[in-house]
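# Fold the following, please.
(4 chains)
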There are 2 protein chains.
Amino acid sequence: MEKLDQVLFFTLEKSIKKYRQFAQKQIDSANIDITIDQWLVLKSIQDLPDISQHQIAENVFKDYASVTRMIELLVKKDYLTRAFHATDRRRFNLIITKKGNSVLDKLIPIITANRKQALKSLTKEEIEKNRAFLNRIIENCKPGIGNL
Amino acid sequence: MEKLDQVLFFTLEKSIKKYRQFAQKQIDSANIDITIDQWLVLKSIQDLPDISQHQIAENVFKDYASVTRMIELLVKKDYLTRAFHATDRRRFNLIITKKGNSVLDKLIPIITANRKQALKSLTKEEIEKNRAFLNRIIENCKPGIGNL
DNA sequence: TACAGTTTGATGATATATCAACTATCATTG
DNA sequence: CAATGATAGTTGATATATCATCAAACTGTA
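Residues are numbered from 1 along each chain as shown, chains lettered A, B, ... in the order given. From the prediction side, this is the model:
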């Protein structure tokens, strides 16, 4: 069996971890109290204000349970409030607070710079090819007749 | 700001997560009681029998604390034993048990099949290009003068 | 309308990630 | 040899991942 560092999935894990560490450090350095995962959730709500927690989970491909807990944290941090939903009493209205919006605004230039730095010297074409490649992996890993 | 699904790092996260879910399912289906992360640690020890916990952590780019806890679990599961190190009393000798070796053996065909399935229809050349691409991201995210 | 099945969300248990603080041991050097 | 600094590993706290189970509310249909 090959050594781990020759396996593509290993490089894949390493790259995303390094990017996350790097990006989180930049956020911390700016004294913004949020994790990348919390930001993903908050951003999903901003993009689709009437989103449900289940939809958020699918959006950021996280577990429903994780989303529940992350939302609790965002409420604790006063970035988000929960109100009753007008038509469905199982659901909540997730409303980003002023503080939450301010954090989202402050994050824009940081995240943009992070992505730019991480993709420095890589062309648009390379990036697109890579995305296509990764999407084929995603397709191949879908549960299907072949691997149930 | 772009929607999340247009961001490369998002696709990157998704692909590694989908691969992990898929691969873990195959392991579970074979009734092998191990997680992928535990396997990574066990495999590191098999590859380098005199490895230290710090080296393991670097090998699989995990935190030292995580490695400590994963090793505890592997010992509990009787896949690994800890003995005193001959020359350095701070360290441990990590020895894979018979049971551990048996699990490692049983995993070889499963992991091989997983990787093959996930990379189905992707050529060696594409894979190599992709690895190079990811390595450039890793380089770009290294802490340096530009982003401290 | 009443029941069955589905959807939304919460919670408990376990595994891992990350940071910080801590102990024990080793290595260096004055 | 003693003081200092480096290294190996542990532990606590908090965040997240995953699975299973649960309750409440909704929907469709007999």
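
# what's near enough to touch the one residue sitting closest to the centre of chain A?
Nearest to the geometric centre of chain A sits A:Leu40, at 3.7 Å (CA atoms, centre = their mean). Neighbouring residues of A:Leu40 by CB atoms under 8 Å, 6 or more residues apart in numbering or on different chains: A:Val60, A:Lys62, B:Leu4. The way it works is simple: take the backbone N, C-alpha and C, and place the C-beta from them, glycine included.

# Counting neighbours, which of the residues you listed comes out on top?
Counting neighbours by other CB atoms under 10 Å in any protein chain shown, the top entry in these is A:Val60, with 21 neighbours.

# Poorly predicted segments of chain A, please.
The model of chain A has pLDDT under 70 over residues A:144-148.

# can you do 80?
Across chain A, the ranges flagged by pLDDT under 80 are A:3, A:5, A:143-148.

# Please enumerate the helices of it.
Using DSSP state H, the helices of chain A run over residues A:8-29, A:36-47, A:53-59, A:64-76, A:98-118, A:124-140.

# Among those helices, which comes closest to B:Ser15?
Judged by CB to CB, the one of the helices of chain A that comes nearest to B:Ser15 is helix A:124-140, at 4.2 Å.

# right, is that closest one up against chain B?
Yes - using CB under 8 Å from any CB of the partner chain, helix A:124-140 reaches chain B at A:Glu126, A:Ile127, A:Lys129, A:Asn130, A:Arg131, A:Phe133, A:Leu134, A:Asn135, A:Arg136, A:Ile137, A:Ile138, A:Asn140.

# elements contacting that helix?
Applying 3 or more CB pairs under 8 Å, 6 or more residues apart in numbering or on different chains; DSSP states H and E, one finds that helix A:124-140 contacts helix B:8-29, helix B:98-118, helix B:124-140.

# distance of A:Ile51 from A:Asn59?
Using CB to CB, to the nearest Å, one gets 7 Å for the distance from A:Ile51 to A:Asn59.

# before we move on, back to that, and which of the contacts of A:Leu40 is nearest to A:Arg69?
A:Lys62 (10.0 Å).

# Other residues contacting stretch A:130-137?
Contacts to stretch A:130-137, defined as CB under 8 Å, 6+ apart, come from residues B:8, B:11-12, B:14-15, B:18-19, B:118-119, B:121-122, B:126, B:130, B:133-134.

# most tightly surrounded among the helices and strands packed on helix A:124-140?
helix B:8-29 (a mean of 19; mean count of other CB atoms under 10 Å in any protein chain shown).

# Sweet, I'm off.
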